[in-house]
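1. Have a look at this prediction, sequence included:
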Amino acid sequence: MAGGNLGGRLFLAGIGFALAFAGGFFCWLMWRSFARAHEMRAWPQVPCLVLVSEIEERQIDRSSSPESRFKVEYGYEWQGRPFTGNRWGWRGNPWSSERSKAEALVNKYPAGDRSVCFVNPSQPDIAVLQPDSQAPGYSIWFPALFVVGGLGIAFRALLSGKVPVARGQERKEGA
């Protein structure tokens, strides 16, 4: 089988490129989250006053369990102008089936309490009480393995001219 099976090599290269693409996509998503979290930590911190701090509940239908979230409003000033914020983090205030998570935040940020919020200097109407975690940046190596492995599979398939065959499955000459 001189030169190998072209169709098999192209199929294997396609699988390799697909793995590399998927890994690259997840690397990009994780890098974007890490960069945003890194940027948020550089936002100016300003004092704020917690105006509303309570638990909001919902139940989508009778067969589902109730969900809770931390509902907050806080007032702050940026460059002499008053603003009101309502985000705990970048993605807002997530719903959870664990009421204890919302209760913990109500206890941490009680109404009438003074706290610190992070203000986006380019859009001062956006502020958060808690900046995002930088954890995606520390885990980006995992999808990067798929990029490296996928490219390795693809280039080996295209450049070697041979398709790896499982042990015991070798073709016999003249068969």
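-> Yep, it's here. Residues are numbered from 1 along each chain as shown.

2. by contact count, what packs against the helix or strand of the chain with the lowest mean pLDDT?
-> Least confident helix or strand, the chain: helix 135-138 with a mean of 84, by mean pLDDT, DSSP states H and E. Judged by 3 or more C-beta pairs under 8 Å, 6 or more residues apart in numbering; DSSP states H and E, the packing partners of helix 135-138 are helix 6-42. Heads up, the C-betas are built off the backbone N, CA and C, glycines and all.

3. Parallel or antiparallel, list what pairs with the next helix or strand after the helix it packs on.
-> On the C-terminal side of helix 6-42, the closest following helix or strand by DSSP states H and E is strand 45-58. Applying DSSP bridges, strand 45-58 is found paired with strand 67-78 (antiparallel), strand 114-119 (antiparallel).

4. And strand 45-58, how far out from the chain middle?
-> Taking C-alpha atoms, centre = their mean, to the nearest Å, one finds the center of strand 45-58 at 25 Å from the center of the full chain.

5. Buried residues in that strand, which are they?
-> Using 16 or more other C-beta atoms under 10 Å as the burial criterion, the residues of strand 45-58 that qualify are V46, C48, V50, S53.

6. Including pLDDT and distance to S133, could the residues you listed go into TSV?
-> Shown next, in TSV, are the buried residues of strand 45-58 (pLDDT from 0 to 100; distance: C-beta to C-beta, whole Å):
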residue	pLDDT	distance to S133
V46	96	21
C48	96	21
V50	95	22
S53	93	22
